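>>> Please find the sequence and the predicted model below.
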Amino acid sequence: MPQVPQTPPAEIVPQPVRAGIDVTINGKHFRHTGDPGLPLLWYLRDVLRLTGCKYGCDDASCGACSVLVDGKLKRACTLSMQDLAGNDIITIEGLAGSDGSLHPVQQAWIDEDAILCGYCQSGQIMAAVALLARKPKPSDADIDTIGNLCRCGSYPRIRRAIHRAADTLKGKAK
Amino acid sequence: MKRPHDASRRRFLKVFGTATGALVVGLPALARTPDELLGQNLFRLNLYVRIEPDGTTAIGARDPEVGQGIRTAEARILAEELDADWPRVIVEPLDLGVTNAGGEPHWTYGHQMASGSTSVPAAWNDLRNVGAAARELLLRAAAARWKTGIANLRTSHGVVIAADGRKLGYGELAEAASKLKPANVPLQPKTPAQYVLIGQDAGDVDARDIVTGHQHYAVDDWFGDALAAVVAHCPWPGGRLAHLDDTAALKVKGVEKVMTIPVPDPERALGTQQLTASVAVLASDTWTALQALARLDVRWQPGAQTAQGDEALVDAAATAFASDPTKAVRTDGDFTEAAKRAPHKFAADYRFATAGHADLEPPNALVRVDNQQALIIAPVQNPRATFDTVRGLTGLAPDKITIQLPRAGGGFGRFLETDYVTEAVMLAKAAGKPIKLMWTRTEAFAHDTYRPFSVHKLEACADRKRTLTGWTHRIASTSRLAGREPRARWWLSEMHPDDLPAGLVGNLQYAWFALDSALPRGSYRASSHAVNAFATECFLDEVAHQLKLDALKFRLALLGEPRKLPYRGHGGPVLDTGRLSWVLQLAADAIGWSKSHPQGHGFGLACHFTFGGYVAHAVEVSMEKTRLVIHNVVCAADLGRVVNPLGARAALVGATLDGFSTALRERITLKDGQVVQQGFKDYPLATMAQMPHDVQVILVPSQEHPAGAFDMGFPSAAPALANAIFAGTTVRVRQLPMWSELMRLL
């Protein structure tokens, strides 16, 4: 059996904690050790392959990359990882239950068939979830504050889906 | 032979990796997986139908899904004739179906294109037979099992039922059925009375994947060994690279290469259109590539021909109109003579700005190319054009080229082009690695294939009874076919000789005048119907108003007794004036046209025949200071038999809103020969707050052949809105987009 050298080290140096940015995404912990300036959009898409968060633009104008950061609606294309340390992030992939049960907003989208090409819909759904958290019974004017763009023209069905989800959530709250 | 179910297998085995290289699980070459690996017994009844032992029925959808709902509609058509149990149907996108026939491609799936609302009409012809043939195999398998004749059997919801009540599920019969030879005679399709799926609402088959974020668009796919590529194009169409220093870019950690894509030889076709010269950065991931792209020191020089802005083209149009037309599209009677005699004469000019596609998913392509095979994953509306492009670039045999058809984030004509696929294949060949190319939003706006600019001159005359006796419509435009077709054919994309009011007015002239510009043009939703219908329907409204006639009665009188006029273009061979009158009447009734209108509210109507579909819009608006309020919108449509009313309504509502959005504020402008618009901030798509809360859709029940649905709701939406604005404000806006002009005139 090979002998382990018995000479003790001169001093015990604890391993430094690996530098990084700790974030929680959909309930899981991640440590980002790369470029601190990496936008959250590309961390989600290129690193974690959470591609439900869509690229639509680079200046927060379309909303296709909408996510929740500590419960607040944000656009991932203009958020840097360095500003997210310790934050709790929810993406479209984190809305459904672990058993596959859909969030009432997701179910409302299916029930109203608010789809068309579907590319903007994950962002629209995140915007609706954020709105309903603030306004459980939103008026049409409240819904109008959602500025996510849809090129296909699904707005009327999105509006109906939000009202439907509000009704479902109200029923659950009782 | 290609297997339709490959697509789903690849979904599980598709290669994933992280940008940091931490995890790469993948297949070394093309992701082709034998079914045996999955340990399942799957039985393919034909190219489109596969049935699993548990009865799960996979239906292959052949046309590209771009938001028109084709995957759902095609599966419903086939499932109807198969008598499948819809809850157990799964829909799998097919690749481009192609085999090698002596070195030339042989297309195995028939129609595979998302363009001109043609997918459903083609599917109606083909896929009913496919479903009926698969059902007949299952019936024969059951008859053999029970030793009886198939005349004693019936099917319902995925089950074969014998006269005595015994039942066998399709899953239990699939293996035996898959060994039978299909009938070599066409089978009798169901009668409409037997339909259980056609004509009933069906939600989008991808809905669950979309709302959970699991739907993969092309831009969401990746190979573990692929390099991310981003490009900067020469801002001048036809221009070239003047200077490139990539020192700083190459210092960005993770950058692999900087490559130039030169201007191709104009004599050598590369895909559907000329490429614009560009510089590409290849890197480990998108963000690294974007950072390096920003650090390129690059200068460009313009080409020989200048991209003309709309202002310059207005002057060019004035010059063109002074000469003979490039094409006399249609001449009936003698307009000049009729106008001389007429007591009422009218004239107006309309103008349509260059417009962009603004698909939310930018042009992108994931490609793996070597000297053995090519795999292309990209948003494509015309898979055969993509195939031809890849074949031209690689010289590969037809069966070595795989074109996958992922769901696309829009299309509207942009993905009929193949320029971005061409770039990705060129980069992959040069780099010797798979390439994941994505255009930024800025590049997507600056290098679109734009809706052509046009100026329209309209004249009309009416007799003492206030009946139209003459009509001329002259168009000067930058044809989208310029450079792709011989000059003699350029007019074809710009004007349809049989569009109304042709056939309704005795003395009529349609003429087209060519304008030139280096700005690339391409197909745009509903093609020239969109702008031509605006000019026609608004001018008709002007004429009615000046003749002090009700716009509805005036139009109905013009359309006259129901009759079939010859229609040579797409959507023909006939145009039924009665069907158009009927949708117009329905829309007018639903909006309350003949009832008293609220103070300050304007009502507008328009109708158009597009690609075989008859659609009318009625709109009620008011102006609250500088805010346009769209109170009510009705869209009445006769699309022939409707396969999926829920999907058709979505298409019509979407087209209506798209029509409004395009008409209000969407405009591409040029400065010094370069496109100005960089993103959504200066190309404002309509937001939820600007759009009506709902659109009331009326679908006319019809036994006619299905016409499709996607484009039809677009052309008449904008003129109905403009006519309503006129009725509410007395301001007539004769250009698209309308908004800045409306604000100027108010």
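Good, I have the coordinates. Please read all numbers here as calculations on a predicted model, not as lab measurements. Residues are numbered from 1 along each chain as shown, chains lettered A, B, ... in the order given.
>>> Now do the domain split for chain B, please.
The record's domain parsing of chain B by automatic domain parsing lists B:41-203, B:218-297+B:363-438, B:310-356+B:449-745.
>>> Throw those into TSV and include mean neighbour count, thanks.
Using the backbone N, CA and C atoms, a C-beta is placed for each residue, glycine as well. Formatted as TSV, the domains of chain B follow (neighbours: other CB atoms under 10 Å in any protein chain shown):
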stretch	mean neighbour count
domain B:41-203	19
domain B:218-297+B:363-438	21
domain B:310-356+B:449-745	21
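>>> and of those domains, who's closest to A:D46?
Closest to A:D46 of these, according to CB to CB: domain B:218-297+B:363-438, at 4.3 Å.
>>> And that closest one, end to end?
By CA to CA, to the nearest Å, the extent of domain B:218-297+B:363-438 from end to end equals 10 Å.
>>> can you give me the mean pLDDT across that domain?
Averaged across domain B:218-297+B:363-438, the pLDDT comes to 94.
>>> so how far is it off the chain centroid?
When distances are taken as CA atoms, centre = their mean, to the nearest Å, domain B:218-297+B:363-438 is centred 22 Å away from the chain's centroid.
>>> anything in that domain sitting right up against chain A?
Yes - Domain B:218-297+B:363-438 is in contact with chain A by CB under 8 Å from any CB of the partner chain, via B:219-220, B:222, B:228, B:285-288, B:407-412, B:438.
>>> mind listing which of the residues you listed are in helices?
B:T286, B:W287, B:T288 (DSSP state H).
>>> and which of the residues you listed is nearest B:L556?
Nearest to B:L556 among those is B:T286, at 56.0 Å by CB to CB.
>>> so that closest one touches B:A228, yeah?
Yes - B:T286 is within contact range of B:A228, at 4.7 Å (criterion: CB atoms under 8 Å).
>>> ok so, going back, looking at the ones in helices among the residues of domain B:218-297+B:363-438 next to chain A, which is nearest chain A?
B:W287 (4.1 Å; CB to the nearest CB).
>>> nearest spatial neighbour of that closest one, skipping sequence neighbours?
Nearest residue to B:W287, sequence neighbours excluded (CB to CB, 6 or more residues apart in numbering or on different chains): A:W42, at 4.1 Å.
>>> and that neighbour, which of the three is it?
Here A:W42 is recorded as helix under DSSP: H, G, I helix; E, B strand; the rest coil.
>>> how many neighbours does it have?
Using other CB atoms under 10 Å in any protein chain shown, A:W42 is surrounded by 25 other residues.
>>> Now do it, the pLDDT please.
With respect to pLDDT, A:W42 scores 98.
>>> Identify all contacting residues around stretch B:231-243.
Stretch B:231-243 has contacts (CB atoms under 8 Å, 6 or more residues apart in numbering or on different chains) with B:260-263, B:274, B:276-281, B:293, B:296-307, B:423, B:437, B:439, B:443, B:446-447, B:518-520, B:673-675.
>>> Could you export it as PDB, CA atoms only?
Output of stretch B:231-243 as PDB, limited to C-alpha atoms (Å, rounded to 0.1, in the frame of the first residue of the first chain):
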ATOM      1  CA  VAL B 231     -24.100  38.800 -38.400                       C
ATOM      2  CA  ALA B 232     -23.800  42.400 -39.300                       C
ATOM      3  CA  HIS B 233     -25.000  43.200 -42.900                       C
ATOM      4  CA  CYS B 234     -23.900  45.900 -45.200                       C
ATOM      5  CA  PRO B 235     -26.500  48.700 -44.500                       C
ATOM      6  CA  TRP B 236     -26.700  49.400 -48.200                       C
ATOM      7  CA  PRO B 237     -28.400  46.700 -50.300                       C
ATOM      8  CA  GLY B 238     -26.000  45.600 -53.000                       C
ATOM      9  CA  GLY B 239     -23.100  47.300 -51.200                       C
ATOM     10  CA  ARG B 240     -19.800  45.700 -50.100                       C
ATOM     11  CA  LEU B 241     -17.300  45.500 -47.300                       C
ATOM     12  CA  ALA B 242     -14.800  48.400 -47.300                       C
ATOM     13  CA  HIS B 243     -12.800  47.700 -44.200                       C
END
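>>> returning to what we had before: the contacts of stretch B:231-243 in strands, which ones?
Those of those mapping onto strands are B:260-261, B:278-281, B:297-301, B:437, B:674-675, per DSSP state E.
>>> Pick the one among the residues you listed closest to chain A.
B:L437 (12.9 Å).
>>> what residues are up against that closest one?
Shown in contact with B:L437 (CB under 8 Å, 6+ apart): B:A229, B:V230, B:V231, B:A280, B:N364, B:A365, B:L366, B:V367, B:Y420, B:E423, B:A424, B:L427.
>>> about what we covered before: taking the ones in strands among the contacts of stretch B:231-243 together, which two end up most distant?
Spatial extent of the ones in strands among the contacts of stretch B:231-243 (CB to CB) is set by the pair B:Q301 and B:L437 at 24.4 Å.
>>> And the residue of the stretch 601-746 of chain B that's closest to chain A?
The minimum distance from the stretch 601-746 of chain B to chain A, using CB to the nearest CB, falls at B:L657 (3.0 Å).
>>> Grab the nearest non-local neighbour of that residue.
A:G153 (3.0 Å).
>>> That neighbour in helix, strand or coil?
In three-state terms, and counting by three-state DSSP, A:G153 is coil.
>>> which residues touch it?
So A:G153 contacts A:L116, B:V653, B:G654, B:A655, B:T656, B:L657, B:D658, B:S661, B:M691 (CB under 8 Å, 6+ apart).
>>> do B:T155 as well
B:D83, B:R135, B:L138, B:L139, B:I161.
>>> Same question for B:A123.
Counting by CB under 8 Å, 6+ apart, B:A123 touches B:R62, B:D63, B:I70, B:A73, B:E74, B:I77, B:H111.
>>> cool, and B:E537?
B:A606, B:C607, B:H608, B:S716, B:P719, B:A720, B:N723.
>>> now swap in B:P434 and tell me
Applying CB under 8 Å, 6+ apart, the residues near B:P434 are B:F223, B:D225, B:A226, B:L227, B:L366, B:V367, B:R368, B:V369, B:A428.
>>> Throw those into JSON lines and include secondary structure, thanks.
Listed next are the contacts of B:P434 as JSON lines, based on three-state DSSP:
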{"residue": "B:F223", "secondary structure": "coil"}
{"residue": "B:D225", "secondary structure": "coil"}
{"residue": "B:A226", "secondary structure": "coil"}
{"residue": "B:L227", "secondary structure": "strand"}
{"residue": "B:L366", "secondary structure": "strand"}
{"residue": "B:V367", "secondary structure": "strand"}
{"residue": "B:R368", "secondary structure": "strand"}
{"residue": "B:V369", "secondary structure": "strand"}
{"residue": "B:A428", "secondary structure": "helix"}
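>>> does the residue of the stretch 601-746 of chain B closest to chain A really touch A:I158, like I thought?
No - using CB under 8 Å, B:L657 makes no contact with A:I158, being 11.0 Å away.
>>> Let me know the closest of the contacts of A:G153 to B:G679.
Using CB to CB, B:S661 is the member of these that lies nearest B:G679, at 15.9 Å.
>>> I'd assumed B:T687 was in contact with that closest one.
No - applying CB under 8 Å, one finds B:S661 not in contact with B:T687, separated by 9.1 Å.
>>> Just the closest residue of chain B to chain A, please.
B:G213 (2.0 Å).
>>> roughly how far apart are the residue lying closest to that residue once chain neighbours are set aside and B:V231?
Among residues not flanking B:G213 along the chain, A:G52 sits closest, at 2.0 Å (CB to CB, 6+ apart). As for A:G52, its distance to B:V231 is 25 Å (criterion: CB to CB, to the nearest Å).
>>> hmm, back to that, quickly check the residues of domain B:218-297+B:363-438 next to chain A for the two that are furthest apart.
Greatest spacing in those, by CB to CB: B:T288 and B:F412 (31.3 Å).
>>> is it true that A:D111 touches A:R164?
Yes - with contact defined as CB under 8 Å, A:D111 and A:R164 form a contacting pair (6.2 Å).
>>> List the contacts of the residue nearest the centre of chain B.
By CA atoms, centre = their mean, chain B has its centre lying nearest to B:F412, at 3.9 Å. Taking CB under 8 Å, 6+ apart as the contact definition, B:F412 lies against A:R151, B:V66, B:H357, B:D359, B:Y524, B:R525, B:D658.
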